[in-house]
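Engineer: Curious how this folds, go ahead:
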Amino acid sequence: MTREEFLKRRQQGIGGSDAAVACGVSRWKSPVRLYLEKVGEADVLSNDNMNEQMYWGTVLEDVVAKEFSKRTDKKVHKVNQLLQSKEYPFMIANIDRKIEGENALLECKTTTQYNVDEWQGDQVPIEYLLQVMHYLAVTNYEKGYIAALIGGNKFVYKEIKRDEDLIKMLIEKEKYFWDCVVNRRMPAIDGTEDSKKMLDYLFPTGVGSIEMPELESISDEIYTLKQQQKQLEAMIMEKENQIKMQLTTTERALAGKYVITWQNVVTHRFDTTALKESDINTYNKYLKETNTRRLSITERKEKHDNFNA
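Structural biologist: All right, here's what the predicted structure looks like:
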């Protein structure tokens, strides 16, 4: 499938990998980005790192599926078609495998060693749990299996039973999100870094001034929160300094359930100031200009200050 075909298919409805995003619980993507993708205003493949992850996930899918079959004695086969819910046509599914002889599916994953804790015991990352539930809603299967290759050397698989309450919640959230797409109504902005990136993408520059008294209340909240943040940072610094005073020259300490380290760290930073002073031409040659917008909230000096003051 070409990149263009992939993007066009994603715009047809909400897929399994979109489920957690539409519900607002994804750690990797905001509902705003997903909305822009669905209306054709943002490219899901614009992130090179994401392209790399998707590539290796596709390459290793067969490996994970074969290992699952080997360890469980369950036969699986590909379903080479895009599935669609009859009751909720905006819900689509492209499942990795169908379990032969069972009313069940298999989802194959690859992830890094850094995520190994998320797979302990019966745990499954929330994004993948909702993806499987989405597929169960579309296919009406009884259960799903998820198999994962972690860090290239640890294999796990788990059974995920159909949860009607969770599926009901999922359908409600996805229905609301798809209504936003159909009516070109952007979903609410959340506090994620990805939403910030999307706002920077949508509104890269700004000009002019305007009176907006309706923003005073939320500005009050931000101003108060930042003051509290400063106080909390000061309190944290005080506690950290107390620990350092106890450690003195000790590098590592065991404190009940905690491991405390105060280690020597060597860093190497490029001295741009020295380069500028010694060779201004070379400095200017490699100087890169970036354009960003910075949000700042300050109190007016006087209540009736105007923009021309």
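Engineer: next SSE after the lowest-mean-pLDDT helix or strand in the chain?
Structural biologist: Within the chain, no helix or strand scores below helix 3-10, which has a mean of 62 by mean pLDDT, DSSP states H and E. Tracing the chain past helix 3-10, the next element assigned as helix or strand by DSSP states H and E is helix 19-22.
Engineer: Compute the number of surrounding residues for L225.
Structural biologist: 10 (other Cβ atoms under 10 Å). The way it works is simple: take the backbone N, C-alpha and C, and place the C-beta from them, glycine included.
Engineer: and if you look at K173?
Structural biologist: Residues near K173, counting by other Cβ under 10 Å: 19.
Engineer: May I have the helix or strand containing it as PDB, with CA atoms only?
Structural biologist: In the assignment (DSSP H and E), K173 maps to helix 164-182. The C-alpha trace of helix 164-182 is given here as PDB (Å, rounded to 0.1, in the frame of the first residue of the first chain):
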ATOM      1  CA  GLU A 164     -19.300  -4.700  26.700                       C
ATOM      2  CA  ASP A 165     -19.200  -1.700  29.100                       C
ATOM      3  CA  LEU A 166     -15.800  -0.600  27.700                       C
ATOM      4  CA  ILE A 167     -17.000  -1.000  24.100                       C
ATOM      5  CA  LYS A 168     -20.100   1.000  24.800                       C
ATOM      6  CA  MET A 169     -18.000   3.900  26.200                       C
ATOM      7  CA  LEU A 170     -15.700   3.600  23.200                       C
ATOM      8  CA  ILE A 171     -18.500   3.800  20.700                       C
ATOM      9  CA  GLU A 172     -19.900   6.900  22.400                       C
ATOM     10  CA  LYS A 173     -16.500   8.600  22.400                       C
ATOM     11  CA  GLU A 174     -15.800   7.700  18.800                       C
ATOM     12  CA  LYS A 175     -19.300   8.700  17.700                       C
ATOM     13  CA  TYR A 176     -18.700  12.200  19.200                       C
ATOM     14  CA  PHE A 177     -15.300  12.500  17.600                       C
ATOM     15  CA  TRP A 178     -16.600  11.400  14.100                       C
ATOM     16  CA  ASP A 179     -19.400  14.000  14.500                       C
ATOM     17  CA  CYS A 180     -16.700  16.600  14.900                       C
ATOM     18  CA  VAL A 181     -15.100  15.400  11.700                       C
ATOM     19  CA  VAL A 182     -18.300  15.400   9.700                       C
END
